[in-house]
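Student: fold the following.
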Amino acid sequence: MKGKALVTGATGFTGGHLCRELLKKDVSVRVLVRSASEYRDLEENGCEVAFGDLATGDGIDSAVKGVDIVYHIGAAFRVEGVPKKYFRDVNVEGTRKLLDASLTYGIKRFVHCSTVGVHGEIEHPPANEEAPFRPGDHYQESKLEGERLALEYYKKGLGVVVFRPFGMYGPGDRRFLKLFKPISKGKWIVVGRSENLYQLTYIDDLVRGIILCGSADGIEGEVFIIGGDRSSTVKELGMAIAKSLGVNLKIYHLPVAPVWIAALLCEVVCRFARVEPPLFRRRLDFFLKDRAFDISKASNVLGYTPRVSLEEGLRMTAQWYRAKKLIG
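Tutor: Here you go, the predicted model:
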């Protein structure tokens with residue numbers, strides 16, 4: 001595997017791991033970053049740095065020119081208190097600018113990162129690529145629009161491949177720290193029965209799937225769900241995390257209705273105060289909605305097979321959190 005790749009979102013968890021793996025495979029890597037404060041580690045690891053901004057379009061043409069493949073991982077992710085327009089500026093219009101430049105400069109493959117969130121709540125798990133679209137918030141709506149836009153450019157002659165990841169975790173991730181931290185203390189408060197399904201993806205497996213999307217022949221115009229091979233209930237996941245930490249876990253259940261109302265009120269008050277709400281309704285989805293997926297298309301077409309078991313992945317993640325003194 002040779003050539004030159006542009007990676008957007010390289011300062012994030014998934015993009016950073018992707019860059020390091022591409023470099024191991026002797027791929028020249030250029031990264032698109034917004035400011036000097038973001039790129040030092042990437043440059044030290046051998047990446048070429050290009051300055052630009054998906055939201056404004058600045059620097060995109062020069063970043064794309066001269067590369068063979070684009071891995072578009074960058075996105076405006078889920079945060080509260082951000083105008084709806086910003087999600088569209090980055091996830092749709094920023095993607096459009098990147099697609100235009102890629103078409104202009106004859107990019108061989110454009111690998112677009114979407115999300116399984118475009119499916120929203122899964123009615124009949126596990127969901128495959130053909131499951132109905134039910135985006136549930138501004139972020140998911142913008143990602144669905146961005147994915148559809150990317151596939152439109154396939155019809156224009158650009159070698160677009162879309163992947164939808166889910167539940168990424170592993171060393172370097174801090175999103176799931178909010179699960180590991182309370183569980184490490186032996187007490188975990190959940191909302192509802194926590195019998196809904198959830199599915200995780202170890203970062204090394206996800207990166208291998210992304211690279212397959214960039215290298216497999218004859219898959220232009222296709223969409224793949226990439227992730228771990230099995231789901232568990234949220235309760236089972238909590239117990240598995242406790243086992244990885246070597247602690248005995250006591251689970252406390254809160255009723256859904258009062259917590260949901262409290263989250264709604266918190267959102268309203270914090271919106272007026274223009275601060276990030278400590279509790280919001282979307283955060284409750286983890287305890288209430290099924291998130292289980294079928295990766296058979298990726299397995300059959302790409303030859304993708306997850307190599308890291310849930311138990312091993314959780315153990316390595318727990319070790320990293322402890323090494324960084326993020327948990328006791």
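Student: when you work out contacts or count neighbours from here on, use the C-alpha atoms and nothing else.
Tutor: Will do.
Student: helix, strand or coil for residue 268?
Tutor: helix (DSSP: H, G, I helix; E, B strand; the rest coil).
Student: around it, how many other residues sit close by?
Tutor: 13 (other C-alpha atoms under 10 Å).
Student: repeat for the one 5 residues further on
Tutor: The local packing count at residue 273 equals 10, with neighbours defined by other C-alpha under 10 Å.
Student: likewise the one 4 residues further on?
Tutor: Neighbour count of residue 277, defined by other C-alpha under 10 Å: 19.
Student: could I get the full set of helices for the stretch 101-250 of the chain?
Tutor: Taking DSSP state H, counting those that start in this stretch as the criterion, the stretch 101-250 of the chain carries its helices at 138-155, 177-184, 203-215, 234-245.
Student: chain center to the shortest one, what's the gap?
Tutor: It stands for helix 177-184. 20 Å (C-alpha atoms, centre = their mean, to the nearest Å).
Student: wait, is residue 321 part of a helix?
Tutor: Yes. When the secondary structure is assigned by three-state DSSP, residue 321 falls within a helix.
Student: mind listing what's buried in stretch 143-162?
Tutor: The neighbour-count criterion (16 or more other C-alpha atoms under 10 Å) identifies 143-147, 149-151, 153-154, 158-162 as the buried residues of stretch 143-162.
Student: for it, the distance to its chain's centre please.
Tutor: A distance of 18 Å separates the C-alpha centroid of stretch 143-162 from that of its chain, computed with C-alpha atoms, centre = their mean.
Student: what does stretch 176-183 give?
Tutor: Here the centre of mass of C-alpha atoms in stretch 176-183, compared against the chain's by C-alpha atoms, centre = their mean, lies 18 Å away.
Student: surely residue 216 meets residue 298?
Tutor: No. Distance between residue 216 and residue 298: 11.0 Å, which falls outside the contact criterion (C-alpha atoms under 8 Å).
Student: all strands of the stretch 201-328 of the chain, in order?
Tutor: In the stretch 201-328 of the chain, the strands defined using DSSP state E, counting those that start in this stretch lie at 201-202, 223-226, 231-233, 250-254.
Student: show residues contacting the first one.
Tutor: Translated: strand 201-202. Taking contacts as C-alpha atoms under 8 Å, 6 or more residues apart in numbering, the residues outside strand 201-202 that touch it are 165, 166, 167, 168, 169, 170, 227, 228, 308, 310, 313.
Student: next one: the third one
Tutor: Under the criterion C-alpha under 8 Å, 6+ apart, residues 194, 195, 196, 197, 198, 199, 200, 292, 293 lie in contact with strand 231-233.
Student: can you check stretch 284-295 too?
Tutor: Contacts of stretch 284-295 with the rest of the structure, by C-alpha under 8 Å, 6+ apart, involve 121-123, 125-128, 190-199, 224-231, 234, 260.
Student: before we move on, back to that, can you select the buried ones from the contacts of strand 231-233 in PyMOL?
Tutor: Filtering the contacts of strand 231-233 down to the buried ones (16+ other C-alpha under 10 Å) takes a single PyMOL command:
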select buried, resi 194+196+197+198+199+200+292+293
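Student: circling back to that earlier point, can I get the contacts of strand 201-202 in CSV with pLDDT, neighbour count and distance to residue 55?
Tutor: Written out in CSV, the entries for the contacts of strand 201-202 read as follows (pLDDT from 0 to 100; neighbours: other C-alpha atoms under 10 Å; distance: C-alpha to C-alpha, whole Å):
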residue, pLDDT, neighbour count, distance to residue 55
165, 97, 22, 23
166, 95, 23, 24
167, 94, 18, 25
168, 96, 20, 24
169, 97, 22, 27
170, 98, 24, 29
227, 97, 28, 28
228, 96, 27, 31
308, 97, 16, 35
310, 96, 22, 36
313, 98, 22, 34
